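> Next one to model:
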Amino acid sequence: MNIAVRNFHSASLFAIAKLRASGEWSETGKLPDLDALNAMAKSLNIRNSNGIPITFVPQPPRRRRKSAAGSDLPGYEARIFTAGEVQTRSANLHDYFNALVWFTYPAAKAALNFRHHLQKSRSDDEALVAWKNGRRTPCQDALSLFDEGGILVISPPGSTGPDTYKIFGHALLELIAARPQDHMEKVGGLGLRIELKDGARATDAEIDQRLAALISSPGTLENPSEYPTIPLRLALP
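Numbers count the residues shown, from 1 in each chain. Down below sits the predicted model:
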């Protein structure tokens, strides 16, 4: 099995991205296949918000987009919610890091997927107008931007100490892996603040549970304009 997949639990996601960038990728130099990802998901008992085991399945050919309501979101997110199936492209760096985030923050990823599902059940004027015009709702934008390019801002309760920054978005990890030295000063991500005692020493599991609870709370990630852009460099060791 790929070294990065096997050892992800003892290294940060950033370290894995740097491992990819350095060329010290695996015994074979290839990304893990779906069987390897599914073996890891099974060993970690990764599940969606319905308690269904997460599996990584081939992505079908892309269909022509008709609207935001009928594009990637319903097919992709609905399959995760109803069947636990995460559509994944073979040997694709972006999708590989998405899988690693599922392994590292499974409860938070499941909570994001559930929020996407709730968005698709909306029938209010804002949603209907957005979809009619081929757009996503502000909430869909916020959820997607955090999923792809989120940066966690971990603060002690009452903000009595320095903040800790961690990368959540798999698109940011892909960027680090593909272009580790390029334009890092210009790149930012959507910041979401969580409070944790001893945040700098918090485990991934502790961060995951706190983040999942926050994502599930009313009012969180309703509009991307309500959240700051955090420079990626702050989350780089």
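> who does the strand ranked longest in the chain touch, helix- and strand-wise?
Counting residues, the longest strand found in the chain (DSSP state E) is strand 188-195. Packing partners of strand 188-195 (3 or more C-beta pairs under 8 Å, 6 or more residues apart in numbering; DSSP states H and E): helix 138-149, strand 150-155, helix 204-215, strand 229-231. Where C-beta positions appear, they are placed from N, C-alpha and C, glycine not excepted.
> most tightly surrounded among these?
When you average the neighbours per residue for each of these (mean count of other C-beta atoms under 10 Å), strand 150-155 leads with a mean of 23.
> picking that back up, Throw the helices and strands packed on strand 188-195 into JSON lines and include mean pLDDT, thanks.
Below are the helices and strands packed on strand 188-195 laid out as JSON lines (pLDDT from 0 to 100):
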{"stretch": "helix 138-149", "mean pLDDT": "93"}
{"stretch": "strand 150-155", "mean pLDDT": "93"}
{"stretch": "helix 204-215", "mean pLDDT": "94"}
{"stretch": "strand 229-231", "mean pLDDT": "93"}
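> circling back: quick one: the longest strand of the chain to chain centroid distance?
For strand 188-195, the distance from its own C-alpha centre to the chain's C-alpha centre is 13 Å (C-alpha atoms, centre = their mean, to the nearest Å).
> need the helix or strand of the protein with the lowest average pLDDT.
None of the helices or strands of the chain scores lower by mean pLDDT, DSSP states H and E than helix 3-6, at a mean of 38.
> if we can go back for a sec, with just CA atoms, put the longest strand of the chain into PDB.
Presented in PDB, the C-alpha positions along strand 188-195 are these (Å, rounded to 0.1, in the frame of the first residue of the first chain):
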ATOM      1  CA  GLY A 188      -5.800  32.100   0.700                       C
ATOM      2  CA  GLY A 189      -8.600  30.000   2.000                       C
ATOM      3  CA  LEU A 190     -12.000  30.500   3.700                       C
ATOM      4  CA  GLY A 191     -11.400  30.700   7.400                       C
ATOM      5  CA  LEU A 192     -13.600  29.000  10.000                       C
ATOM      6  CA  ARG A 193     -12.800  29.600  13.700                       C
ATOM      7  CA  ILE A 194     -13.300  26.800  16.300                       C
ATOM      8  CA  GLU A 195     -12.500  27.000  20.000                       C
END
